[in-house]
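Participant: Next one to model:
(chains A, B, C and D, ligands or ions: 4)
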Number of protein chains: 2
Amino acid sequence: MYLCRINKIVIFVCMNSLTEENYLKALYALGNEKGEVNVNDLSRRLEIKMPTVTSMMKKLAAKKLVHYESYKPLRLTEKGRKEAALIIRKHRLTEMFLVEKMGFGWEDVHPIAEQVEHIQSVPFFEKMDQLLGYPKVDPHGSPIPDRNGKVVWKEYQKLSECKVGETVKLSAVINTSEDFLRFLNSREIHLGLKVKIKAIESFDRSMKVSYAKRSDEILSHIVSDRLLVEKI
Amino acid sequence: MYLCRINKIVIFVCMNSLTEENYLKALYALGNEKGEVNVNDLSRRLEIKMPTVTSMMKKLAAKKLVHYESYKPLRLTEKGRKEAALIIRKHRLTEMFLVEKMGFGWEDVHPIAEQVEHIQSVPFFEKMDQLLGYPKVDPHGSPIPDRNGKVVWKEYQKLSECKVGETVKLSAVINTSEDFLRFLNSREIHLGLKVKIKAIESFDRSMKVSYAKRSDEILSHIVSDRLLVEKI
DNA sequence: GTACAAAGTTAGAAGAGTCAAACAAATGTA
DNA sequence: TACATTTGTTTGACTCTTCTAACTTTGTAC
Ligand SMILES: [Mn+2]
Ligand SMILES: [Mn+2]
Ligand SMILES: [Mn+2]
Ligand SMILES: [Mn+2]
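Facilitator: Ligands and ions are numbered 1, 2, ... in the order given. Below is the predicted model of the structure:
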């Protein structure tokens, strides 16, 4: 909470700290991943011990960002959800900027965006957005929340759930670990790719697919289950 | 101080905190501006009270970044000077990137760079440097330290010290306050501009100059004393 | 329905960074 | 040289974020 003087008008501005921002973001992400979020989940995700998480939840509750009741699951308030979404907006715009305008690979941008997302500057991110042509998704296919924190999730399907004979477009990846993305790079798999499913091995659910100049590539179920596609 | 594991090799990495980085940078800048730096100078520059500065100096001395003796002027060690220069390198590369690649005005970039300079990512700043074509100076004409923290100051002269009849090239601004830069914008004065000195009023040392499509512009001594030029 | 394990909270402590109050050294002036 | 002012340090306190240890609640297995 600090004083901000603009032309003799004094307003109280309450910026969340970098630490608070990371809790909000984790809370938001876990909520999307598994519905109910417990102190324990958050503790494991942030690699911060449970007592610390409990005390931060009380603090965020005092700031009306979290609904907190002892021994109950954690829930973001509307305000908390919006603030989290706006940080994620900055994260994803940054990742897009790093890939599209600076030439980074999609496997390298996350750790940088994890830091840049905390920069406090409206024009900085507005400019990124504008230079990128107001993108709807980040380099991994995740939606970029709008200026009001609204998110539109397109209805994707897992590649693993598609049937033999279908041709689909790769639209997003579920797992964004550096290792997985490097694996996809090694197979020349990238977003927008058109993939034809030629066969499914019922024994291990591995898929024979063809795309671009590659025919008869084998993708394990582990892989096809992490790829989101659209019918075309 | 934290552990960094790279392929089973464990190394101790000691990153300076954002706070420590800001002290180092201020120490470096004040040293260039006025030679000897006292606790008081640093305290005023950072808007942090003297006792806090004293204790931080002891901490930085323990990290071998500052030579500290009670009641003596503060001096950066070679290590401290290098670390400071590398932060300033990141600051100035960022300002250049914001102006050249993102379309910001030179008057708007400082507060953003003040935050971005603390990002920990070698490839991020390497990429900026590369995309900018390895610039030697920032948007205000200040030199960008090299990867080793070496700085080359070109020999500039104040416009206020030039003589009637000379034609010079504007190469840097001493004061980089938003107000001053906006003033220069309003007169269409920017780096690289060729300026001819047509007359100097001995009474108030104001200068009559001409440049671009403007002839007989009057620049007060306050202004001409803040502009650095090269003979051409 | 008790007993145990897992999850969650409370209490107490620590380091980082900050401050105000009080004290001490250095410096400038009469 | 003596006094006043400025500069610098010490001390103790406070907030923020984190931890460990000890305790409590909840849910599950028998
Ligand atoms: Mn990411
Ligand atoms: Mn982050
Ligand atoms: Mn600057
Ligand atoms: Mn800074």
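
Participant: close to chain B, is stretch A:116-123?
Facilitator: Yes - using C-beta under 8 Å from any C-beta of the partner chain, stretch A:116-123 reaches chain B at A:116, A:119-121, A:123. Every C-beta, even on glycine, is put in place using the N, C-alpha and C of the backbone.

Participant: Let me know the helix or strand that A:Met57 is in.
Facilitator: If you go by DSSP states H and E, A:Met57 is part of helix A:50-62.

Participant: I should have written A:Lys82 there, sorry.
Facilitator: Using DSSP H and E, A:Lys82 falls in helix A:78-100.

Participant: Which strands or helices does that helix pack on?
Facilitator: For helix A:78-100, the elements it packs on are helix A:18-34, helix A:110-116, helix A:122-131, judged by 3 or more C-beta pairs under 8 Å, 6 or more residues apart in numbering or on different chains; DSSP states H and E.

Participant: domain assignment for chain A?
Facilitator: Per automatic domain parsing, the structural domains of chain A span A:2-79, A:157-231.

Participant: Enumerate every residue touching the residue sitting nearest the centre point of chain A.
Facilitator: Centroid-nearest residue in chain A: A:Ser142, 5.6 Å away (criterion: C-alpha atoms, centre = their mean). For A:Ser142, the contacting residues are A:92, A:172, by C-beta atoms under 8 Å, 6 or more residues apart in numbering or on different chains.

Participant: So which bits of chain A are right by DNA strand C?
Facilitator: Contacts of chain A with DNA strand C, taken as C-beta under 7 Å from any atom of the strand, map to A:38-41, A:43, A:50-51, A:53-55, A:57, A:70-71, A:73.

Participant: how about A:Val137, what does it touch?
Facilitator: Counting by C-beta under 8 Å, 6+ apart, A:Val137 has contacts A:92, A:143-144, A:172.

Participant: just A:Asp41 next, same as before
Facilitator: Contacts of A:Asp41 (C-beta under 8 Å, 6+ apart): A:30, A:34.

Participant: Could you check the angle the strand or helix carrying it makes with helix A:50-62?
Facilitator: If you go by DSSP H and E, A:Asp41 is part of helix A:39-46. On the basis of axes from the mean of the first three to the mean of the last three C-alpha atoms, to 10 degrees, helix A:39-46 is oriented at 100 degrees to helix A:50-62.

Participant: so for helix A:39-46, what's the average pLDDT?
Facilitator: On average, the pLDDT along helix A:39-46 is 98.

Participant: orientation of it relative to helix A:18-34 in degrees?
Facilitator: Going by the same axes, to 10 degrees, helix A:39-46 makes 110 degrees with helix A:18-34.

Participant: Just to be sure, A:Ala172 is in a strand?
Facilitator: Yes - the assignment for A:Ala172 by DSSP: H, G, I helix; E, B strand; the rest coil puts it in a strand.

Participant: So for it, what's the nearest residue that isn't a sequence neighbour?
Facilitator: Of all residues not flanking A:Ala172 in the chain, A:Gly141 sits nearest, at 2.5 Å (C-beta to C-beta, 6 or more residues apart in numbering or on different chains).

Participant: residues in contact with the one you found?
Facilitator: Counting by C-beta under 8 Å, 6+ apart, A:Gly141 has contacts A:156, A:171-173, A:191, A:228.

Participant: got those residues as TSV, with pLDDT and distance to B:Ser17 columns?
Facilitator: Shown next, in TSV, are the contacts of A:Gly141 (pLDDT from 0 to 100; distance: C-beta to C-beta, whole Å):
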residue	pLDDT	distance to B:Ser17
A:Tyr156	96	41
A:Ser171	98	41
A:Ala172	98	37
A:Val173	98	34
A:Leu191	98	37
A:Leu228	98	39
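
Participant: gap between whichever residue of chain A sits closest to ligand 2 and A:Arg89?
Facilitator: Closest to ligand 2 within chain A is A:Glu114: 4.1 Å, counting by C-beta to the ion. Separation of A:Glu114 from A:Arg89 (C-beta to C-beta, to the nearest Å): 14 Å.

Participant: neighbour count winner among the two?
Facilitator: Using other C-beta atoms under 10 Å in any protein chain shown as the criterion, A:Glu114 and A:Arg89 rank with A:Arg89 on top: 23 against 16.

Participant: Contacts only, for the more buried one.
Facilitator: So A:Arg89 contacts A:125, A:144-147, A:149 (C-beta under 8 Å, 6+ apart).
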